[in-house]
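S.K.: model the structure of this input:
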Amino acid sequence: MPINYMTKKSYDSLSAEAKRLREVEIPKVSREKLEAAQQGDLRENAGYDAARDRLMLLGARLEQIVARISAARFIEELNVPGDIVSIGTRVRLLDLAAGGEVEYCVLGPADADISRNVISFESPLAKGMISRRASEEFSVETPGGERRFRILSIERYR
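M.R.: This next block holds a predicted model:
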């Protein structure tokens, strides 16, 4: 099973979601399904069909979460040197075309949140800069075309 890199905060959030699904959502929808089944003919029972479908989606989500957290490895516990871009680093970049600076944290998919400039190590931008050092330049192919960056600084994520 592949390792799922995530912060302890993401692990706690996913664990809480799994608990809510197990203890609240799935039992609630199961009751709804049972109540709908008691209304008679299941071939034309939209309430039953909706509850059955919702139950399947909730079960699939729970399985997905359990698989992710069972193979979790905490980013905070990785031996990250801080002078080379890797998972668990904060990187300040200079966009060579636009001239502006931007900072990204390179974490796992569970932590990715572009609105906070947190990217997954699996993203094209992260893949373009992983294993590079400060002052190195690299390019990344984006939907809008190729973009070039220079790494200004690297530090360990905290």
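
S.K.: hey, let's count contacts and neighbours off CA atoms from now on
M.R.: OK.

S.K.: residues contacting the nearest residue to residue 109 once chain neighbours are set aside?
M.R.: With sequence-adjacent residues excluded and distances taken as Cα to Cα, 6 or more residues apart in numbering, residue 109 is closest to residue 120, at 4.8 Å. The contact partners of residue 120, by Cα atoms under 8 Å, 6 or more residues apart in numbering, come to 106, 107, 108, 109, 110, 111, 112, 126.

S.K.: for residue 146, see how far away the third one is.
M.R.: Right, the one you point to is residue 108. 24 Å (Cα to Cα, to the nearest Å).

S.K.: so for those two, which residue has more residues nearby?
M.R.: Higher neighbour count among residue 108 and residue 146: residue 108, with 23 against 9, using other Cα atoms under 10 Å.

S.K.: give the rounded mean pLDDT of the longest helix along the chain.
M.R.: Ranked by number of residues, the top helix in the chain under DSSP state H is helix 46-70. For helix 46-70, the mean pLDDT works out to 93.

S.K.: do stretch 150-158 as well
M.R.: Mean pLDDT, stretch 150-158: 94.

S.K.: read off the pLDDT value for the residue sitting nearest the centre point of the chain.
M.R.: For the chain, the residue lying nearest the average C-alpha position, counting by Cα atoms, centre = their mean, turns out to be residue 110 (2.4 Å). Residue 110 is assigned a pLDDT of 92 by the prediction.

S.K.: residue 10 is in contact with that one, correct?
M.R.: Yes: the criterion here is Cα atoms under 8 Å, and residue 110 meets it with residue 10 at 6.3 Å.

S.K.: and residue 154, which helix or strand is it part of?
M.R.: Per DSSP states H and E, residue 154 falls inside strand 145-156.

S.K.: now that strand: buried residues?
M.R.: For strand 145-156, burial by neighbour count (16 or more other Cα atoms under 10 Å) applies to 147, 148, 149, 150, 151, 152, 153, 154, 155, 156.

S.K.: separation between the first one and residue 96?
M.R.: Translated: residue 147. 8 Å.
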